[in-house]
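Novice: A structural model of the following input is requested.
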Amino acid sequence: CHCNSSVASFLEYFMFSFIEYYFFASTTASGKLGSFNIRNLLNEYTLYIVPCANPDGLEIIRSRLTPKNHTVKDLTEYKANYNGVDLNRNFPLAWEQINNGVKKPSDYYFKGYSSCDQKETQALMNLCQNNEFEFMLSIHIKGNCLYWGDTYNTKHNAQYKAFAKDIANTCGFYMTQPTKEASSYGGGFENWFRHTYSRPGVCVELSDVTNTVKPCNNSNYKDFDGFVNYNYSKYAIAAAMASANGD
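Specialist: Below is the predicted model of the structure:
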């Protein structure tokens, strides 16, 4: 997941829950997960899963680790790493065009002093560069929607839209329009992936936009299934594999 740090542990829970669910489904007699033959899909694909792309931010939330360059204003909205850089603004895609008014380390939106100057960004880039991924999903928490394309380069948007639509049809997510503002899509992980490899990269926003997650609060997990609509959202990665496989 690549996300607001205050909900990273919640998303880790989601990721490990679906891993367990997929594994056990693949060992059943039918190998089915809903309408998907998950055994066949997992024989076709190797999933690479990064449970948390911002471990520094997670520690700031969990242990109140003090960031290096700034004072935290609001833990519930914290998105940066230890250096105060919003990693989802740090990738080398339209980075120079990001103009959101944040010029120094902050809780969120600071893009860094140069593109991909953060170790976390570099690690994710190296992971993608060292593998031939067919698609990438960046799992976030709030919006109940899919961000699947932008206007940086629209050449392959029809392909990306069809891929995202397969996920939306399965999970009930709302599909957004292509993001137009560079300050919104610039530096984004999935955006960088799409335009670097000409392959689908989708930001999956799991829960309703009105939901709130309180950092370090066990009440987050009391209605986990309902919060992320797990009866449907758990199929997102299966639907992505099936779409990429032409099923």
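Novice: a helix runs through residue 11, doesn't it?
Specialist: Yes. Counting by DSSP: H, G, I helix; E, B strand; the rest coil, residue 11 is located in a helix.
Novice: Kindly provide the distance from it to residue 66.
Specialist: 23 Å (Cβ to Cβ, to the nearest Å). C-beta here means a position set from N, CA and C on the backbone, and glycine is covered the same way.
Novice: So which of these two has more stuff around it?
Specialist: residue 11 (23 against 10; other Cβ atoms under 10 Å).
Novice: Surely that one and residue 138 touch.
Specialist: No. The pair residue 11 and residue 138 does not pass the contact test of Cβ atoms under 8 Å, sitting 10.4 Å apart.
Novice: Mind telling me what element residue 43 is part of?
Specialist: In the assignment (DSSP states H and E), residue 43 maps to helix 38-44.
Novice: Kindly report the same for residue 140.
Specialist: Applying DSSP H and E, one finds residue 140 within strand 136-142.
Novice: so what does that strand touch, helix or strand wise?
Specialist: When contacts are defined as 3 or more Cβ pairs under 8 Å, 6 or more residues apart in numbering; DSSP states H and E, strand 136-142 sits against helix 8-26, helix 189-197, strand 201-207, helix 236-244.
Novice: Relative to residue 61, which of those is closest?
Specialist: With Cβ to Cβ, the closest approach to residue 61 among the helices and strands packed on strand 136-142 belongs to helix 8-26: 7.2 Å.
Novice: mind listing what whichever helix or strand comes after the closest one pairs with, with the direction of each?
Specialist: Going down the chain from helix 8-26, the next helix or strand is strand 32-33, by DSSP H and E. According to DSSP bridges, strand 32-33 forms sheet pairs with strand 36-37 (antiparallel).
Novice: Mind listing residues that contact the partner strand?
Specialist: Defining contact as Cβ atoms under 8 Å, 6 or more residues apart in numbering, one finds that strand 36-37 is touched by 30-31, 235, 238-239, 241-242, 247.
Novice: Now residue 108: closest residue in space, sequence neighbours ignored.
Specialist: residue 79 (3.9 Å; Cβ to Cβ, 6 or more residues apart in numbering).
Novice: Start and end of stretch 172-180, how far apart?
Specialist: Using Cα to Cα, to the nearest Å, one end of stretch 172-180 lies 24 Å from the other.
Novice: picking that back up, can you give me the angle the strand holding residue 140 makes with helix 189-197?
Specialist: Strand 136-142 and helix 189-197 are oriented at 160 degrees to each other (axes from the mean of the first three to the mean of the last three Cα atoms, to 10 degrees).
Novice: what about dumping the CA coordinates of strand 136-142 to PDB?
Specialist: Taking Å, rounded to 0.1, in the frame of the first residue of the first chain, the C-alpha atoms of strand 136-142 are listed here in PDB:
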ATOM      1  CA  MET A 136       0.300  -2.300 -10.600                       C
ATOM      2  CA  LEU A 137      -2.300  -1.500  -7.900                       C
ATOM      3  CA  SER A 138      -1.600   1.100  -5.300                       C
ATOM      4  CA  ILE A 139      -4.000   0.500  -2.400                       C
ATOM      5  CA  HIS A 140      -5.400   3.600  -0.500                       C
ATOM      6  CA  ILE A 141      -8.200   3.900   1.900                       C
ATOM      7  CA  LYS A 142     -10.700   6.800   1.200                       C
END
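Novice: after it, next one along is what?
Specialist: strand 145-147.
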